[in-house]
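J.: can you look at this prediction? I've put the sequence above it.
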Amino acid sequence: MHFEFEHLGTSTPFELPEGVHLLGGGEEDQVRLEGLPPSLLTLRIESQRLMVEAARTFTVGGVMVPPGVPRLVLPGEVLGLPESMSLKVLDPHTETERQVGTVAVLKHLLMDTEEPPPSRAAALICLTGADVGRAFALAEANTELGRSREVSVRLRDPAVSRRHARIRHQEGAFLLEDLDSPNGVYLNGQRVETPSPLHEGDVIELGRTLLRFQAPMAEPPPPAPPVPDEASVSDQAPVPDKAPDENEPPAALSGEDMPERPRVRWEWWIIGLGATLALGGLLATYAMAT
């Protein structure tokens with residue numbers, strides 16, 4: 001896993017393999033940083049998951065974490081250390097390849113599969129407590145959080161009320177509100193008095209449980225319709241009929257298309273003359289016979 005240590009404007013990258021590592025200023029610390037108390041942080045890396053437990057109070061993304069409480073740290077989050085030092089967990093994946101909170105993520109944590117498929121739903125990822133590592137999808141218009149069996153996000157934390165808080169999905173925004181819980185609800189360290197909007201990376205605190213809000217991924221724009229090629233459009237366009245040219249001779253017509261020619265008068269005279277001669281021949285033959 002890749003890290004980046006920053007102090008006085010100077011960044012130093014380093015990498016740690018899987019296992020348990022002590023970070024501090026002592027001689028026995030595997031990651032020794034001058035100026036820090038001995039064995040300040042215990043880093044547990046397993047299957048690209050980082051659990052951090054500190055000997056004293058530290059911060060993750062500006063939110064305080066009490067000592068002795070294991071905290072799941074996600075890629076991109078920054079650990080605040082004493083003496084204005086910070087430790088950032090680098091994200092080896094791009095934003096489109098990030099793991100998101102769905103049932104598939106929970107299955108990934110329980111069955112140790114390689115990579116969960118991506119999802120576009122908003123989610124809460126549990127960072128501390130008995131439910132650490134679990135992911136809860138925010139697929140409903142109203143999602144209640146608490147210890148009751150009837151709520152959508154059930155937390156196994158005795159410091160959480162049965163119906164502790166609610167997240168409302170309204171007009172594309174997610175609003176966090178307290179359901180009059182005795183211990184209250186905190187957003188990035190500030191107590192929630194009125195419904196407050198949630199943004200990517202916000203940390204919600206209920207009892208001794210920390211939840212990280214993961215905003216939904218944006219829907220890809222629909223593909224643009226194909227632009228027709230001008231050449232193809234011109235080829236497919238109907239060709240208008242050509243206006244006849246007065247000087248152009250008419251086209252030859254076939255026999256079927258040739259119109260019937262009217263008979264002229266001299267043809268009728270020939271037919272009449274032939275009929276008369278035939279009649280005269282018959283009469284002459286009849287006279288000679290008698």
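T.: Structure received.

J.: which ones are touching residue 162?
T.: Neighbouring residues of residue 162 by CB atoms under 8 Å, 6 or more residues apart in numbering: 146, 147, 148, 151. C-beta here means a position set from N, CA and C on the backbone, and glycine is covered the same way.

J.: my guess is the third one meets residue 163, correct?
T.: It stands for residue 148. Yes. Taking CB atoms under 8 Å as the definition, residue 148 is a contact partner of residue 163 at 6.0 Å.

J.: buried among the contacts of residue 162? Need that as a selection in PyMOL.
T.: The PyMOL command for the buried members of the contacts of residue 162 (criterion: 16 or more other CB atoms under 10 Å) is given here:
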select buried, resi 146+147+151
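
J.: state the distance from residue 194 to residue 211.
T.: In this view, residue 194 and residue 211 are 19 Å apart by CB to CB, to the nearest Å.

J.: now do residue 44
T.: Distance from residue 44 to residue 211, by CB to CB: 20 Å.

J.: which of those two has more neighbours?
T.: With neighbours defined as other CB atoms under 10 Å, residue 44 and residue 211 compare such that residue 211 has more, 28 against 14.

J.: got the phi/psi numbers for the more buried one?
T.: Backbone torsions for residue 211, taken as degrees, to the nearest 10, come to phi -120, psi 130.

J.: beta-bridge partners for it, please?
T.: Beta-bridge partners for residue 211, by DSSP bridges, are residue 126, residue 204.

J.: I figured it was touching residue 201, is that so?
T.: No. Applying CB under 8 Å, one finds residue 211 not in contact with residue 201, separated by 11.6 Å.

J.: show me what counts as buried in stretch 169-186.
T.: Going by neighbour count (16+ other CB under 10 Å), the buried part of stretch 169-186 is 169, 174, 175, 176, 178, 181, 184, 185, 186.

J.: what's in contact with it?
T.: Under CB under 8 Å, 6+ apart, the answer for stretch 169-186 is 122, 138, 140-144, 146, 159-161, 163-168, 187, 191-198, 204-207, 213, 215.

J.: tell me the contacts of residue 10?
T.: When the contact criterion is CB under 8 Å, 6+ apart, residue 10 has no partners at all.

J.: may I have the beta-bridge partners of it?
T.: Assigned bridge partners for residue 10, using DSSP bridges, are residue 7.

J.: please report how far it lies from residue 46.
T.: Using CB to CB, we find residue 10 at a distance of 30 Å from residue 46.

J.: same question, residue 15
T.: Distance from residue 15 to residue 46, by CB to CB: 16 Å.

J.: the more surrounded of the two?
T.: Applying other CB under 10 Å to residue 15 and residue 46 shows that residue 46 carries more neighbours, namely 11 against 8.

J.: which pLDDT value goes with that one?
T.: pLDDT recorded at residue 46 is 84.

J.: which element is residue 59 on?
T.: If you go by DSSP states H and E, residue 59 is part of strand 58-60.

J.: residue 159 contacts residue 207, doesn't it?
T.: Yes. At 2.9 Å, residue 159 counts as touching residue 207 under the criterion of CB under 8 Å.

J.: please say which of these two ends up with more neighbours.
T.: Per other CB under 10 Å, whichever of residue 159 and residue 207 has more neighbours is residue 207, with 21 against 15.

J.: all strands for the stretch 51-200 of the chain, in order.
T.: 58-60, 63-65, 71-73, 78-81, 85-89, 123-126, 135-137, 142-146, 153-154, 165-170, 173-178, 185-187, 190-191, 196-197 (DSSP state E, counting those that start in this stretch).

J.: what pairs with the last one, parallel or antiparallel?
T.: Which is strand 196-197. Using DSSP bridges, the strands paired with strand 196-197 are strand 173-178 (antiparallel).
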